[in-house]
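Asks: fold the following for me, if possible:
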Amino acid sequence: MMANLFASFDPSTNWNTSMNWTSIMIGILIIPPSFWLTPSRNNILWNKILLTLHKEFLTLLGPKNKTLTLIFISLFSLILFNNFLGLFPYIFTSTSHMVMTLSLALPLWLTFMLFGWINNSIHMFAHLVPQGTPPVLMPFMVCIETISNLIRPGTLAIRLSANMIAGHLLMTLLGNTGTTMSIYLVNILIIIQILLLTLESAVAIIQSYVFAVLSTLYSSEVN
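Replies: Numbering: from 1, shown residues only. As a prediction, this is how the structure comes out:
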């Protein structure tokens, strides 16, 4: 039963075609034409959001890395679009799959590690032993910090995909039980589904923000 339930998130089961991954680019197509009119309300709102993110990322990265914030703002926008697209019916949710999330997290983490160990080797070694650690515990802290550093791309990818698939799975479970309910229970179910949809909208924003902020923090540690 669980295999059939999770199979609804399998790319091969939706429309029985390999075109599902094109949903990653649908976000560009559904942007209303009024967004490109300057100044439109959508444009002003989105620019304010990006400016707020730029200022927040700049405090983490430092004033010397002003252009580096564009990478994380673009990352936030990409994940946010795909998270919201997954809430629409019959649209493939790419961010609920490890193929997508790990493809975003692993190259970023690998780039940070290569840059840090090549250019700031002493700084990277210092990160392995937190300040104030007793000499007896230093070997253990090096092992713990190394393991926690190595699992960072996995935790980034799993956090995003697990949060996206959990809400979709709950909505799918509740939706499948609607055919066996009475008309009164169906009305209650619709209200619950609307509340879940609102919650999933908040999760879509929060998870894209968390992914971008954690990537920014990992980047700031290698400078």
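Asks: low pLDDT regions in this structure?
Replies: Applying pLDDT under 70 to the chain picks out residues 1-19, 34-36, 38, 223.
Asks: now do 90
Replies: Regions of the chain meeting the criterion pLDDT under 90 cover residues 1-47, 50, 55-71, 81-82, 84-100, 112-152, 164-193, 197, 217-223.
Asks: ok, which stretches of it are helices?
Replies: Under the criterion DSSP state H, helices of the chain are mapped to 2-6, 26-29, 41-61, 69-85, 98-119, 121-127, 138-150, 152-176, 183-220.
Asks: pick the most deeply packed of the ones you listed.
Replies: helix 69-85 (a mean of 20; mean count of other C-beta atoms under 10 Å). C-betas here are computed from N, CA, C, even on glycine.
Asks: can you spell out which helices and strands pack onto that one?
Replies: Using 3 or more C-beta pairs under 8 Å, 6 or more residues apart in numbering; DSSP states H and E, the elements in contact with helix 69-85 are helix 26-29, helix 41-61, helix 98-119, helix 183-220.
Asks: just want the angle from that helix to helix 183-220.
Replies: Here helix 69-85 points in a direction 170 degrees away from that of helix 183-220 (axes from the mean of the first three to the mean of the last three C-alpha atoms, to 10 degrees).
Asks: for the remainder of this discussion, apply numbering that starts at 64.
Replies: Noted, 64 is the first residue going forward, which turns the last one into helix 132-148.
Asks: and the contacts of helix 132-148?
Replies: 86-87, 89-91, 93, 113, 116-117, 120-121, 124, 154, 156-158, 163, 167, 171, 223, 227, 264, 266-268, 270-272, 274-275, 278-279, 282 (C-beta atoms under 8 Å, 6 or more residues apart in numbering).
Asks: how far does it sit from the chain's center?
Replies: Chain-centre distance of helix 132-148: 8 Å, with C-alpha atoms, centre = their mean, to the nearest Å.
Asks: mind listing what the residue lying closest to V273 once chain neighbours are set aside touches?
Replies: Among residues not flanking V273 along the chain, R222 sits closest, at 7.1 Å (C-beta to C-beta, 6 or more residues apart in numbering). R222 sits next to Q270, V273, F274 when contact means C-beta under 8 Å, 6+ apart.
Asks: what's the answer for T209, then?
Replies: Neighbours of T209 in contact, by C-beta under 8 Å, 6+ apart: L191.
Asks: turn the helices and strands packed on helix 132-148 into TSV, columns for distance to T132.
Replies: Formatted as TSV, the helices and strands packed on helix 132-148 follow (distance: least, C-beta to C-beta, whole Å):
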stretch	distance to T132
helix 89-92	21
helix 104-124	4
helix 161-182	14
helix 246-283	8
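Asks: many thanks, I have nothing further to ask.
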